[in-house]
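Undergrad: okay, predicted coordinates and the sequence, questions at the end:
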Amino acid sequence: MDRFSVLSERFPRLPLEKDFSFRRHTTIGCGGVAEVCAMPGSAESAAALLKFLQREKIPYLMMGAGANVLPQEGRFDGVLVRFTGLCGLFLAENGRIFAGAGVTGGALCRFARERSLGGFEPFTGIPMSVGGGIVMNAGVAEGHFSDVVERVYAIDSGKLRGFSLSECEFSEKRSLFQAGLPVIAAVLRGTRTPREILEERSGFFREKRKDLPKGRSMGCCFVNPPGLSAGKLIDECGLKGVSCGGAYVSPRHANFIINEGGSAEDIGKLLSLVKETVQKKTGIALREEIRRLGWDT
Ligand SMILES: Cc1cc2nc3c(=O)[nH]c(=O)nc-3n(C[C@H](O)[C@H](O)[C@H](O)COP(=O)(O)OP(=O)(O)OC[C@H]3O[C@@H](n4cnc5c(N)ncnc54)[C@H](O)[C@@H]3O)c2cc1C
């Protein structure tokens with residue numbers, strides 16, 4: 001029996017999609033297909049699915065909004081678990097927000113603003129789901145997820161478990177959950193702030209993003225080394241505009257790779273070229289911020 005049939009028989013109410021296209025569902029617009037995509041709609045359903053996949057040794061990958069991933073070309077013979085169905089968003093006591101992993105960054109910012117809760121404005125315009133944002137500790141210099149998280153709920157050894165802020169091990173574009181723990185939801189802390197101020201701050205962050213490169217990308221490809229800008233280093237190494245197949249280093253912002261019909265291999269080669277050149281010319285080893293999907297399965 002193929003995996004689509006196995007899953008639909010075992011989980012009759014679980015939304016499934018056959019031959020899921022990474023090219024269509026990621027911001028970078030490359031990659032092949034996954035045999036099946038499963039989109040659980042509740043924490044219980046996600047926990048049951050992941051327990052089943054692990055027990056049956058079925059290979060799986062996880063994805064949120066697909067804004068920071070580089071999916072491999074070809075066919076992934078396994079299951080892609082997407083968390084976009086976990087979209088509960090509630091106001092809890094004392095300015096806390098409960099958000100499911102599939103809530104979009106835009107919905108979270110709007111929800112907080114409409115309830116006069118501050119702290120989320122730096123996320124304005126960042127393409128993401130709450131789950132992906134937590135895994136990546138997304139944000140900008142003025143604020144990251146680690147500044148608003150109170151508790152994260154993730155599946156650990158087949159069970160839903162709450163992680164306190166210190167247990168999340170957040171650092172620059174990193175968290176404990178990158179070890180492969182599926183994030184299901186979070187309790188986030190807002191600060192009471194007049195709505196006009198929130199509107200103004202959101203406008204400030206929206207304006208700041210206006211100059212970012214347009215086109216298909218994964219955002220910044222490399223983490224800034226301590227006290228330095230990865231984009232500036234790449235620019236100083238003369239790499240702006242360098243291309244490989246249909247992908248090139250943005251002439252506007254050297255930490256962005258823009259894809260115009262290139263393959264994952266083109267982008268992978270360009271990432272290696274940037275890393276090697278920067279290492280050779282400056283002695284600095286850049287760390288990839290983007291997450292490769294399926295490259296070692
Ligand atoms: C134009 C553009 C601008 C950007 N600007 C910024 C910026 O200003 N600041 C910033 O920090 N980032 C930025 N990014 C990167 C991206 O928006 C963030 O990294 C964001 O957190 C990705 O969220 P996502 O839901 O798309 O995660 P995905 O890209 O889908 O996944 C990222 C990683 O998390 C894993 N994952 C996703 N969801 C879950 C889950 N629920 N449980 C467990 N693992 C999961 C995936 O397996 C993958 O390893 C930008 C990207 C683009 C395209």
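TA: Perfect, thanks for sending it.
Undergrad: for the rest of this, base every contact and every neighbour count on C-alpha atoms.
TA: Will do.
Undergrad: please point out which parts of the top helix by length along the chain sit buried.
TA: The helix that spans the most residues within the chain, counting by DSSP state H, is helix 264-282. Of the residues in helix 264-282, 264-267, 269-271, 273-275, 277-278 count as buried by neighbour count, 16 or more other CA atoms under 10 Å.
Undergrad: so can I have JSON lines of those residues showing pLDDT?
TA: What follows is the buried residues of helix 264-282, written out as JSON lines (pLDDT from 0 to 100):
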{"residue": "Ala264", "pLDDT": "97"}
{"residue": "Glu265", "pLDDT": "95"}
{"residue": "Asp266", "pLDDT": "96"}
{"residue": "Ile267", "pLDDT": "97"}
{"residue": "Lys269", "pLDDT": "96"}
{"residue": "Leu270", "pLDDT": "97"}
{"residue": "Leu271", "pLDDT": "97"}
{"residue": "Leu273", "pLDDT": "97"}
{"residue": "Val274", "pLDDT": "98"}
{"residue": "Lys275", "pLDDT": "98"}
{"residue": "Thr277", "pLDDT": "98"}
{"residue": "Val278", "pLDDT": "98"}
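Undergrad: now for the residues you listed: which two are most distant?
TA: Using CA to CA, the pair of those lying farthest apart is Ala264 and Val278, separated by 21.1 Å.
Undergrad: and Val135, that one's in a helix?
TA: Yes - checked against DSSP: H, G, I helix; E, B strand; the rest coil, Val135 lies within a helix.
Undergrad: distance check, Asn94 against Asp19.
TA: Using CA to CA, to the nearest Å, Asn94 is found at 44 Å from Asp19.
Undergrad: who has more neighbours out of the two?
TA: Neighbours were counted for Asn94 and for Asp19 using other CA atoms under 10 Å; Asp19 has more, 17 against 10.
Undergrad: would you say the more buried one is within a helix?
TA: No - applying three-state DSSP, one finds Asp19 to be strand, outside a helix.
Undergrad: returning to what we had before: after the longest helix of the chain, which helix or strand is next?
TA: With elements assigned by DSSP states H and E, the helix or strand that comes after helix 264-282 is strand 291-293.
Undergrad: counting by contacts, list what that next one packs against.
TA: Counting contacts by 3 or more CA pairs under 8 Å, 6 or more residues apart in numbering; DSSP states H and E, strand 291-293 is packed against strand 69-71.
Undergrad: show me what the strand it packs on is packed against.
TA: strand 291-293.
Undergrad: is the strand it packs on up against the ligand anywhere?
TA: Yes - counting by CA under 6 Å from any ligand atom, the ligand has neighbours in strand 291-293: Arg291.
Undergrad: which positions in the stretch 51-200 of the chain make contact with the ligand?
TA: Residues of the stretch 51-200 of the chain lying near the ligand (CA under 6 Å from any ligand atom): 62-69, 83, 101, 126-129, 131-133, 135-136, 138-140, 181-184.
Undergrad: dump the residue contacts of the nearest residue to Val69 once chain neighbours are set aside.
TA: Nearest non-adjacent residue to Val69, counting by CA to CA, 6 or more residues apart in numbering: Arg291, 4.8 Å away. Taking CA atoms under 8 Å, 6 or more residues apart in numbering, we find Arg291 in contact with 68-70.
Undergrad: most neighbours out of the residues you listed, which is it?
TA: Using other CA under 10 Å as the neighbour criterion, Leu70 leads those with 28 neighbours.
Undergrad: please look at it and Ile290 and confirm they touch.
TA: Yes - if you go by CA atoms under 8 Å, Leu70 and Ile290 touch, sitting 6.9 Å apart.
Undergrad: quick check: neighbours shared by the two?
TA: With CA under 8 Å, 6+ apart as the test, Leu70 and Ile290 both reach Met218.
Undergrad: same for the longest helix of the chain, what does it pack against?
TA: Packing contacts for helix 264-282, counted by 3+ CA pairs under 8 Å, 6+ apart, involve helix 230-236, strand 243-244, strand 247-249.
Undergrad: which other helices and strands contact the second one?
TA: Strand 243-244 is packed against helix 264-282, with contacts defined by 3+ CA pairs under 8 Å, 6+ apart.
Undergrad: that's a strand at Leu228, yeah?
TA: No - with three-state DSSP as the criterion, Leu228 is assigned coil and is not in a strand.
Undergrad: and what about Val36, helix, strand or coil?
TA: Of the three states, Val36 takes strand under three-state DSSP.
Undergrad: list the contacts of Glu142.
TA: Counted by CA under 8 Å, 6+ apart, Glu142 has contacts Pro122.
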